[in-house]
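S.K.: sharing a model that was predicted from the sequence below.
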Amino acid sequence: MTREEIIQPENLVYKKPALLNDVPMHYCPGCSHGMVHKLIAEIIEEMGMEEKTIGVCPVGCAVFAYKYVDIDWQEAAHGRAPAVATAVKRLWPNHLVFTYQGDGDLACIGTGETIHALNRGENIVVIFINNAIYGMTGGQMAPTTLIGQKTATCPYGREVKLHGWPLKITEIAATLDGTCYVTRQAVHNVAAIKKAKKAIRKAFENSLAGKGSSLVEIVSTCNSGWKLSPEKSNQWMEENMFNFYKLGDLKDE
Amino acid sequence: MAEQEITLMKGNEAIAHAAIRCGCDGYFGYPITPQSEVLETLAEQKPWETTGMVVVQAESELAAINMVYGGAASGKRVFTSSSSPGVSLMQEGISYIAACELPALIVNVMRGGPGLGTIQPSQADYFQATKGGGHGDYHLIVLAPASVQEMADFVDLAYTLAFKYRNPAMIMADGAIGQMMEKVVLPPFKPRRTDEEVEAECPWATTGRRNKRKPNFISSLELQSEEMEIINLRLQAKYAEIEKNEVRYEKYMCEDADYLIVAFGSAARIAKKVIEIAREQGIKVGLLRPITLWPFPTAIVKELSKQVKGILSLEINAGQMIEDIRLAVEGCVPVEHFGRLGGIIPDPDEVLDALKEKLIK
């Protein structure tokens, strides 16, 4: 059997989602962003929502998300994505509207917008990439940086006395009456990717059903910021991040 | 012709009613004195039950202006209103809206500053509104109403200009115009655009890529300096076009004037009284009232400067517009300023005294 004979539609078990553009990604090898982008593209395609989806990207590494997922996007000012998405969803109520934000964007400079959009129960989805560091600006301390974790602005490790505690904003989100679904996932292995995909899909469906706000946190790696190989990053995440940021649903109504 | 219905209302209320009537899609705002009646009137009118207009009380001015960004970027006719300290907080978002070339309306009902200042009227945000306010090289189209009627009329005008040039427009009123009650004829009802009409009018907007059109992306980021310069040059060309086409002003008793007062908003109304008293005393004073503060009516100021012996810039601030007047007259005639600060409205008599002392001597 030749290679050409094998490449037939009936033999197809996996393909790149059509909404994932065929361009090189700027993300570092080993970074979780690429996988989450792929899941979003796949889900929008599967739901048949590509003509009615508006994404809002953050300031941070995902500022270029528009290059990779082939839908309409708005680039929000740092931290303001949930406010931007609030207006878009209110004005286009039948559209799927989601934000895609990192920990610095969502849990630090944009804490106010995050809490209030979720508390109003806006029918939007917030995808929250938590890699415990500022990736794009070169690895500074984030609100989610773990105690003891070294970054460019806490080079001797995060210390409670100096820097305060890491913020579990997802736990806060789960206490808000406006949220219907709050979950924490990861994409470091096949099983986790499958679970994360289900979670994002559920969040998107909630939004279209008008059930309120959904927050999907993805505990992620930043191997460049962490200064670890992709493989070691996954290991470090499992050993350290998952202890503090426990995976699973925090709220599902 | 049907008789026009005359209503008595505050300037802030007129803004709200006019917005509903001219097919506005959404309002996003945060309470602050002296403009809170805009949000209060909208909440009381419940336009979401009639025209479908969205009204959201945001958690801050920061959120409000970013909601305006989101709404405008998706092609909708949206606006916010605030007063000076709140408008300061909005400057980041305003810069983004200008950079992304989004049509939007911002209403500033000015109060006295700096800082928390006072809740009394002021015109001290002239620099902020006309010279940038936020970061980067950009301009807002700035309209200065001098009556409740103009508060109502300028909403539709601001949208027309904002959509024509894909540029944010500001209605810059002061606390007096926002708070005082006057007779007003509200604009006729105009339906909101359908989604299809929004898509047709704003093919650049993020409306969802219906019929598999190419995706739209709204952003002000460009890391390549050469590209960023091209974007800036395009913006500057647009601003030059606006300066050429959209200057608006009112001339009052200028034909025989020996002296000219330049004043906008509330100050222009005071100026009219000053002119009346001055003319009773045989002093021929005229008024030029800039209606657009940006673009500033530079050419007409220059033209009038050839006819008069001196110009008084009457502003409820420490002297801001006077810089644009001086630039316009290029030293041909003396240009002096009179203003009151801290929320005090100038009295016509003290203005006339100042005019005599500074220009006639």
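M.R.: Thanks, I have it.
S.K.: what is the host helix or strand of residue A:206 packed up against?
M.R.: Using DSSP states H and E, residue A:206 maps to helix A:190-208. Where contact means 3 or more Cβ pairs under 8 Å, 6 or more residues apart in numbering or on different chains; DSSP states H and E, helix A:190-208 is packed against helix A:33-46, strand A:96-102, strand A:125-130, strand A:179-186, strand A:213-219. (Glycine included, C-beta is placed from N, CA and C.)
S.K.: buried sites along that helix?
M.R.: Applying a neighbour-count criterion of 16 or more other Cβ atoms under 10 Å in any protein chain shown, the buried positions in helix A:190-208 are A:192-193, A:195-197, A:199-208.
S.K.: sorry, back to before: right, and the helices and strands packed on helix A:190-208 - which one's nearest residue B:61?
M.R.: strand A:96-102 (20.1 Å; Cβ to Cβ).
S.K.: I'd like the distance from that closest one to the chain centre, please.
M.R.: Average the C-alpha atoms of strand A:96-102, do the same for its chain, and the two points are 8 Å apart (Cα atoms, centre = their mean, to the nearest Å).
S.K.: sheet partners, orientation included, of that strand?
M.R.: If you go by DSSP bridges, strand A:96-102 pairs up with strand A:53-57 (parallel), strand A:125-130 (parallel).
S.K.: export these as TSV, with columns for mean neighbour count and mean pLDDT.
M.R.: Formatted as TSV, the strands paired with strand A:96-102 follow (neighbours: other Cβ atoms under 10 Å in any protein chain shown; pLDDT from 0 to 100):
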stretch	mean neighbour count	mean pLDDT
strand A:53-57	28	98
strand A:125-130	27	98
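S.K.: is stretch A:29-41 positioned near chain B?
M.R.: No: if you take Cβ under 8 Å from any Cβ of the partner chain as the test, stretch A:29-41 misses chain B, and the best it gets is 12.0 Å.
S.K.: convert the C-alpha atoms of that stretch to CSV, please.
M.R.: Taking C-alpha atoms only, stretch A:29-41 is exported to CSV below (Å, rounded to 0.1, in the frame of the first residue of the first chain):
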residue,chain,number,x,y,z
PRO,A,29,7.9,25.6,22.1
GLY,A,30,6.3,24.0,25.1
CYS,A,31,4.0,26.9,25.9
SER,A,32,0.3,26.0,26.6
HIS,A,33,-1.2,28.8,24.5
GLY,A,34,-0.9,26.9,21.2
MET,A,35,-2.9,23.9,22.6
VAL,A,36,-5.7,26.2,24.1
HIS,A,37,-5.9,28.1,20.8
LYS,A,38,-6.3,24.8,19.0
LEU,A,39,-9.1,23.7,21.3
ILE,A,40,-11.0,27.0,20.9
ALA,A,41,-10.7,26.7,17.1
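S.K.: may I see the buried residues of it?
M.R.: The neighbour-count check on stretch A:29-41 (16+ other Cβ under 10 Å) flags A:30, A:31, A:32, A:33, A:34, A:35, A:36, A:37, A:38, A:39, A:40, A:41 as buried.
S.K.: what's in contact with it?
M.R.: A:16-20, A:25, A:27, A:55, A:61-62, A:65, A:68-70, A:98, A:100, A:127, A:129, A:131, A:135, A:186-188, A:193, A:196-197, A:200, A:218, A:220-224, A:229-231, A:233-234 (Cβ atoms under 8 Å, 6 or more residues apart in numbering or on different chains).
S.K.: before we move on, the earlier item: name the nearest of the buried residues of stretch A:29-41 relative to residue B:333.
M.R.: The closest of the buried residues of stretch A:29-41, once distances to residue B:333 are taken by Cβ to Cβ, is residue A:33, at 62.7 Å.
S.K.: run a quick neighbour tally on residue B:61.
M.R.: 25 (other Cβ atoms under 10 Å in any protein chain shown).
S.K.: any idea how far it is from residue A:214?
M.R.: 27 Å (Cβ to Cβ, to the nearest Å).
S.K.: what of residue B:266?
M.R.: 49 Å.
S.K.: pull up the residues of chain A that are close to chain B.
M.R.: Residues of chain A lying near chain B (Cβ under 8 Å from any Cβ): A:50-54, A:56, A:63, A:66, A:70-77, A:80, A:83-88, A:90-92, A:95, A:112-113, A:116.
S.K.: can you flag which of the residues you listed belong to helices?
M.R.: Of these, the ones assigned to helices by DSSP state H are A:83, A:84, A:85, A:86, A:87, A:88, A:90, A:91, A:112, A:113, A:116.
S.K.: check the residues you listed and tell me the two furthest apart.
M.R.: A:91 and A:112 (21.4 Å).
S.K.: compare neighbour counts for these two and give me the winner.
M.R.: In this view residue A:91 and residue A:112 are compared by other Cβ under 10 Å, and residue A:91 has more residues nearby, 26 against 16.
S.K.: surely the more buried one is in contact with residue B:54?
M.R.: Yes: applying Cβ atoms under 8 Å, one finds residue A:91 in contact with residue B:54, separated by 6.0 Å.
S.K.: just say helix, strand or coil for residue B:276.
M.R.: State at residue B:276, reduced to three classes by DSSP: H, G, I helix; E, B strand; the rest coil: helix.
S.K.: nearest to chain B among the buried residues of stretch A:29-41?
M.R.: Closest to chain B out of these is residue A:41 (12.0 Å), distances taken as Cβ to the nearest Cβ.
S.K.: tell me which residues in stretch A:207-227 are buried?
M.R.: A:207-208, A:211-226.
S.K.: figure out how far it is from the centre of its chain.
M.R.: That offset, for stretch A:207-227, works out to 3 Å (Cα atoms, centre = their mean).
S.K.: quick one: average confidence on it?
M.R.: For stretch A:207-227, the mean pLDDT works out to 97.
S.K.: and stretch A:142-155, by the same measure?
M.R.: 97.
S.K.: straight-line length of it, end to end?
M.R.: The straight-line separation of the ends of stretch A:142-155 (Cα to Cα, to the nearest Å) is 13 Å.
S.K.: got the buried residues for that stretch?
M.R.: Using 16+ other Cβ under 10 Å as the test for burial, stretch A:142-155 gives A:142, A:143, A:144, A:145, A:146, A:149, A:150, A:151, A:153, A:154.
S.K.: once you drop chain neighbours, what's closest to residue A:66?
M.R.: residue A:73 (3.8 Å; Cβ to Cβ, 6 or more residues apart in numbering or on different chains).
S.K.: so who does that neighbour touch?
M.R.: Residue A:73 touches A:54, A:55, A:56, A:57, A:65, A:66, B:206, B:215, B:216, B:217, B:218, B:219, counting by Cβ under 8 Å, 6+ apart.
S.K.: in CSV: these, plus distance to residue B:238.
M.R.: Converted to CSV, those look like this (distance: Cβ to Cβ, whole Å):
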residue, distance to residue B:238
A:54, 26
A:55, 28
A:56, 26
A:57, 26
A:65, 28
A:66, 24
B:206, 21
B:215, 24
B:216, 19
B:217, 20
B:218, 17
B:219, 18
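S.K.: just checking, residue B:119 touches residue B:178?
M.R.: No: using Cβ under 8 Å, residue B:119 is not in contact with residue B:178, being 10.8 Å away.
S.K.: list the residues that contact both of those two?
M.R.: With contacts taken as Cβ under 8 Å, 6+ apart, the residues that reach both residue B:119 and residue B:178 are residue B:34.
S.K.: neighbour-wise, which of these two wins?
M.R.: Neighbours were counted for residue B:119 and for residue B:178 using other Cβ under 10 Å; residue B:178 has more, 31 against 16.
S.K.: could you check which helix or strand contains the more buried one?
M.R.: Residue B:178 belongs to helix B:175-179, assigned by DSSP H and E.
S.K.: what is that helix packed up against?
M.R.: Using 3+ Cβ pairs under 8 Å, 6+ apart, the elements in contact with helix B:175-179 are helix B:11-21, strand B:104-110, helix B:148-165, helix B:265-280.
S.K.: quick one: distance of that helix to the chain centre.
M.R.: The answer for helix B:175-179 is 13 Å, by Cα atoms, centre = their mean.
S.K.: can you check stretch A:152-164 too?
M.R.: On Cα atoms, centre = their mean, the centre of stretch A:152-164 falls 25 Å from that of its chain.
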